[in-house]
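Colleague: I would like to see how this sequence folds:
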Amino acid sequence: MPLKDHRAARLAALTAPDGWLNLVARIDLAPGRYPVGRTQAVPLPSGPDLLGTLDLAETGASFARPGAPPRSFEPVPDAFPQLRVDPFLLEIHTVDGIPALRVRDLTLQPAVTLRHYPDAPEWVIRAKWDSVAPQATEIAMKGGTAASVTVTNRATFQHQGRTVTLTPTHVKSGKPMFVFRDATAGETYPACRFLFGEDIDGDAITLDFNRAISPPCAFTDFAICPLPPPGNILPFRIEAGELAP
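Modeller: Numbers count the residues shown, from 1 in each chain. Got it, this is the predicted structure:
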């Protein structure tokens with residue numbers, strides 16, 4: 001996908017009904033049955049006093065509006081189970097086995113201006129893509145928690161006479177995701193940026209840092225984002241990709 005189209009798709013995803021700009025709540029919950037609404041045990045910042053009842057089990061979740069039968073949360077590709085209950089989109093967001101109710105307000109019309117460094121062809125890198133024995137590891141999350149991931153590959157390239165090795169910790173839409181921070185932090189989102197590897201062919205992968213993006217935590221306090229593993233904290237500047245929003 002051309003870089004211009006990539007950025008248009010990125011903006012569309014941020015402002016979509018299931019994007020990051022209309023999140024209004026995230027509430028940690030244990031399995032059980034809960035009344036949900038503006039004045040209920042699971043409080044919402046807006047909407048009716050009683051939106052309905054959430055049934056949360058280890059095997060799934062359902063929601064029933066007053067006087068209506070329950071409806072199940074449905075799986076969503078590359079996301080968590082969701083259910084539209086106007087005026088909200090509800091989501092069961094589970095991190096390291098701990099579930100939470102995440103709430104998006106569909107009445108909002110969010111907008112954002114994304115800023116970028118000038119396009120930098122020198123930061124389109126064809127890196128070596130090495131397989132490693134699957135290794136379970138914990139990564140820190142913004143907010144002080146941790147999550148378990150399994151590492152299966154690493155990407156290696158040369159920069160200014162040094163060998164740089166980046167470890168992907170997640171996969172989204174079939175693409176490995178690198179969480180990294182470099183010396184532009186502050187101009188870019190301070191905690192980290194995300195980069196998705198592309199065009200994997202055998203032992204080679206493309207890292208196009210012009211497509212590096214700010215994480216969801218740059219746009220909302222209701223996201224929980226991974227932080228870079230130690231080897232992905234880089235001492236040099238990568239003047240490519242998104243600037244801090």
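Colleague: domain assignment for the chain?
Modeller: Domain assignment for the chain by automatic domain parsing gives 22-105, 114-232.
Colleague: what is the mean pLDDT for the last one?
Modeller: Meaning domain 114-232. Here domain 114-232 scores 95 as its mean pLDDT.
Colleague: now the most centrally placed residue in the chain: closest residue in space that isn't a chain neighbour?
Modeller: Centroid check for the chain by Cα atoms, centre = their mean gives Pro216 as the closest residue, at 5.3 Å. Leaving aside its sequence neighbours, Pro216 sits nearest to Ala223 (Cβ to Cβ, 6 or more residues apart in numbering; 3.6 Å). Where C-beta positions appear, they are placed from N, C-alpha and C, glycine not excepted.
Colleague: contacts only, for that neighbour.
Modeller: 20, 23, 26, 215-217 (Cβ atoms under 8 Å, 6 or more residues apart in numbering).
Colleague: would you mind writing the CA trace of whichever strand in the chain runs longest as CSV?
Modeller: In the chain, with assignment by DSSP state E, the single longest strand is strand 124-140. Provided in CSV are the C-alpha atoms of strand 124-140 (Å, rounded to 0.1, in the frame of the first residue of the first chain):
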residue,chain,number,x,y,z
VAL,A,124,12.9,1.9,4.6
ILE,A,125,15.2,-1.0,5.7
ARG,A,126,15.4,-4.5,4.4
ALA,A,127,16.4,-6.3,7.6
LYS,A,128,17.4,-9.9,8.3
TRP,A,129,14.6,-11.9,9.7
ASP,A,130,15.8,-14.7,12.1
SER,A,131,13.7,-17.4,13.6
VAL,A,132,14.4,-18.3,17.3
ALA,A,133,13.2,-21.0,19.5
PRO,A,134,9.8,-19.9,21.0
GLN,A,135,10.6,-18.0,24.2
ALA,A,136,8.0,-16.9,26.7
THR,A,137,8.7,-13.5,28.1
GLU,A,138,7.0,-10.7,30.1
ILE,A,139,6.8,-7.2,28.8
ALA,A,140,5.9,-4.1,30.8
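Colleague: which helices and strands sit right next to it?
Modeller: Strand 124-140 sits against strand 146-159, strand 204-208, with contacts defined as 3 or more Cβ pairs under 8 Å, 6 or more residues apart in numbering; DSSP states H and E.
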